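structural data only, the sequence is not supplied:
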Ligand SMILES: [Zn+2]
């Protein structure tokens, strides 16, 4: 919880860019961080602001988890490839939100182990990760009309490429989020049920009434040409949809999926070597074998089998080749 005094306290992050002036500004979110190797040092989180006249604001982010790379690749690209005269309104680009995590190829921060996407609303007087969350919560999110946060599976998951939106109480807002998700035009579009929605950036943006889209565009701790292509096209499509960039959306056919309940998730009850019998995007029916986990401490043991609880498409899987008890084996999404 953020205390009342915390709400009033100033965040120590100082942006070196302009948010209200017309122009293209490349700079940093400068977060003071005193430490052994730099007594008066700062964490310098790259940011670009592009503003041209009046119009909506899009806040585009990647690296909320530091080991997910489609967002950073697409957004570092975007930061140098837009001309000011293509833009009507404002685009705020932060390619690597949890910058210490990103620089360490980790999901969470090496400084405080903070998982940024479980830290919202954050604290201005908290840990480094809490300070980053607070700056987004109280400074950047309020500026935005459209919020796109690009995720992937990271080192321990792999996903079919999908854009996602949540079921919201405000049905008008939900419709605007769904339209933006459709504009992103990933090969799959997902109505997502979060396992654990508390502290998420998604929830913070949605509670402020923003048009929010997130993605899962692959995983395994790197990118592919295909997944990066989907991210770049999706970002541009969303900006066109928002009316910020001129052009024609380049839409592809997108399969609409739903994750209606807990039975979409299969959790491992064993530790060992995992053997998949279905690949991502494969169709399964209830009871189909999805994976077997072999005891890797001894030979001569039959593996434990994991079967689909429901009909659907294999949307996510564990990565890399060994798994621990409690890890997600598979995510089976339903066709809508
Ligand atoms: Zn993520």
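On my side now, so go ahead. Everything quoted here is computed from the prediction, not taken from an experiment. Residues are numbered from 1 along each chain as shown.

next one: residue 336 from residue 214, what distance?
18 Å (C-beta to C-beta, to the nearest Å). C-betas here are computed from N, CA, C, even on glycine.

with neighbour numbers in mind, choose between those two.
More neighbours surround residue 214 than the other of residue 336 and residue 214, with 28 against 11 (other C-beta atoms under 10 Å).

need phi/psi at that one.
Per-residue torsions, residue 214: phi -120, psi 180 (degrees, to the nearest 10).

what are the ranges of the helices in the stretch 51-200 of the chain?
With DSSP state H, counting those that start in this stretch, the ranges of helices along the stretch 51-200 of the chain come out as 70-81, 99-103, 128-135, 171-184.

the residue of the stretch 151-300 of the chain found nearest the ion bridge partners, please.
Residue nearest to the ion within the stretch 151-300 of the chain (C-beta to the ion): residue 151, separated by 3.5 Å. In this structure, residue 151 bridges to residue 216 when assessed by DSSP bridges.

ok, it - how many residues close by?
25.

spell out which parts of this protein neighbour the ion.
Applying C-beta under 5 Å from the ion, we find that the chain lies next to the ion at 65, 68, 151.

I'd like the distance between the closest residue to residue 325 other than its chain neighbours and residue 317.
The shortest distance from residue 325 to any non-neighbouring residue, by C-beta to C-beta, 6 or more residues apart in numbering, is to residue 271 (5.0 Å). Plainly put, residue 271 is 17 Å away from residue 317 if you go by C-beta to C-beta.

and if you look at residue 268?
Separation of residue 268 from residue 317 (C-beta to C-beta) stands at 11 Å.

joint contacts of those two?
residue 329 (C-beta atoms under 8 Å, 6 or more residues apart in numbering).

looking at those two, which one has more neighbours?
residue 317 (26 against 20).

and residue 8, what's its pLDDT?
Predicted confidence (pLDDT) for residue 8: 65.

please disregard the earlier target; I meant residue 260.
Confidence score, pLDDT, at residue 260: 85.

pretty sure it sits against residue 334.
Yes. Taking contacts as C-beta atoms under 8 Å, residue 260 lies within contact range of residue 334: 6.0 Å.

and these two? Which one has more around it.
Taking other C-beta under 10 Å, residue 260 and residue 334 do not tie; residue 334 has more neighbours (18 against 14).

tell me how far the helix or strand hosting the more buried one lies from the chain's centre.
Per DSSP states H and E: residue 334 is located in strand 328-335. Distance, stretch centre to chain centre, for strand 328-335: 18 Å (C-alpha atoms, centre = their mean, to the nearest Å).

how many neighbours does the closest residue to residue 135 other than its chain neighbours have?
Spatial nearest neighbour of residue 135, chain neighbours left out: residue 13 (4.5 Å); criterion: C-beta to C-beta, 6+ apart. Residue 13 has 21 neighbours, counted by other C-beta under 10 Å.
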